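>>> Sequence first, predicted model second:
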Amino acid sequence: MPADAVAAGAVMGVLNVTPDSFSDGGRFLDHGAALEHGRRLVEEGAAIVDVGGESTRPGADPVGPEEEVRRVLPVVAGLAGRVRVSIDTRHAEVARAAVSAGATIVNDVSASLGEVAAELGVGWVAMHMRGDPRTMQDEPVYGDVVAEVRDFLVGRADWAAEAGVGEVWIDPGIGFGKTSRHNLELLAALPALVETGWPVIVGVSRKRFLGVLAAASDGTDGQTSPDDRREGSIAAATWAYASGVEVVRAHDVLATVQAAQVVG
Ligand code: PMM
């Protein structure tokens, strides 16, 4: 196992240096505030801090790679000596710049940068997404969502390993081109993803489907805000760890670390 290998039951802390991410957008656009928050995530027990400079929330407009690099680079460089840093990007230029600043994982929601990760000699997360963030929530349809997502991810992981990536993870991409029902089916089927043998990462933290569930259970049809979805996020994280998922991507690191400890 490499010295910096991520142990099972780890937390990937979310740090979005964006004006418009659905949960923490605008909070950490200032580099000083972003670094301070990143250090806090490390203190709370994050094994990885995931730095992103482009929002991938449904309907978000794309950002040019130059602006993305400007947002993330000082933050990656400032955290890299303290913790493993992943760069959350769909762009090869951003991945290259972040790795040269110390990132050691490319967290790739487009699942297209496997060869870039191989060339850079870093880890790679292949996430499943239907379409792109602008259009992905326009009535997504699947025959069998679990089989389609699993087969896609196994195909990408095999391809990346063949290309020379030594550390590959797969991620079902909760909320990326999926209805609440699709998200729940995928969560229920996490053990089937784990059974593929590829280590699994999942991101459920504060996502919309949790608000839909909470609203339904209290008889209202209004949506809760992302900040009101913490309890649901921890419940879903606990289920994920119990299903054999290795890493949960989360905003609330301390509570998620505790969930992982409970599951053991
Ligand atoms: N979700 C978001 C962004 N990046 N990366 C991975 N691997 N998995 C996810 O589920 C994921 C991701 C969107 O959430 P955010 O806006 O809070 O970062």
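Arrived safely. Residues are numbered from 1 along each chain as shown.

>>> Quickly check: stretch 132-150 near the ligand or not.
No - with CB under 6 Å from any ligand atom as the criterion, the ligand is not reached by stretch 132-150; the gap is at least 9.1 Å. (Each C-beta comes from the backbone N, C-alpha and C, glycine too.)

>>> can you give me the end-to-end distance of that stretch?
Taking CA to CA, to the nearest Å, the first and last residues of stretch 132-150 lie 19 Å apart.

>>> now what about that stretch, what contacts it?
The contact list for stretch 132-150 (CB atoms under 8 Å, 6 or more residues apart in numbering) reads 55-62, 110, 128-131, 172-173, 176-179, 182, 185-186, 189, 192-193, 196.

>>> out of those, which are inside helices?
The subset of those located in helices under the criterion DSSP state H comprises 182, 185-186, 192-193.

>>> What is the nearest of the residues you listed to Asp158?
Distance ranking of those against Asp158, using CB to CB, places Leu193 first at 14.5 Å.

>>> Residues in a beta bridge with the residue of the chain found nearest the ligand, which ones?
Nearest residue of the chain to the ligand (CB to the nearest ligand atom) works out as Gly203 at 2.3 Å. When bridges are called by DSSP bridges, Gly203 pairs up with Arg249.

>>> Please tell me how far it sits from Leu187.
The spacing between Gly203 and Leu187, counted by CB to CB, to the nearest Å, is 11 Å.

>>> Return the members of the contacts of stretch 132-150 classed as buried.
Neighbour counting over those (16 or more other CB atoms under 10 Å) leaves 55-58, 60, 128-130, 172-173, 176-179, 182, 185-186, 189, 193 as the buried ones.

>>> Report the entries of those that also contact the ligand.
Subset of the buried ones among the contacts of stretch 132-150 in contact with the ligand: 56-57, 173, counting by CB under 6 Å from any ligand atom.

>>> what are the ranges of the strands in this structure?
Taking DSSP state E to define them, one finds strands in the chain at 10-16, 48-52, 84-88, 105-108, 123-127, 168-171, 201-203, 247-250.

>>> Which residues of the chain lie near the ligand?
Taking CB under 6 Å from any ligand atom as the test, the list of the chain residues beside the ligand reads 14, 16, 21-23, 52, 56-57, 88, 107, 109, 125, 127, 171, 173-174, 201, 203, 249.

>>> tell me the contacts of the residue lying closest to Ala80 once chain neighbours are set aside?
Distances taken as CB to CB, 6 or more residues apart in numbering place Gly102 nearest to Ala80, at 2.6 Å, with adjacent residues excluded. For Gly102, the residues meeting the contact criterion (CB under 8 Å, 6+ apart) are 76-77, 79-81, 85.

>>> run the last query once more with 10 Å
Shown here is Gly102, whose contacts under the criterion CB atoms under 10 Å, 6 or more residues apart in numbering are 73, 76-82, 84-85, 87.

>>> So what does it have for phi and psi?
phi 120, psi 0 (degrees, to the nearest 10).
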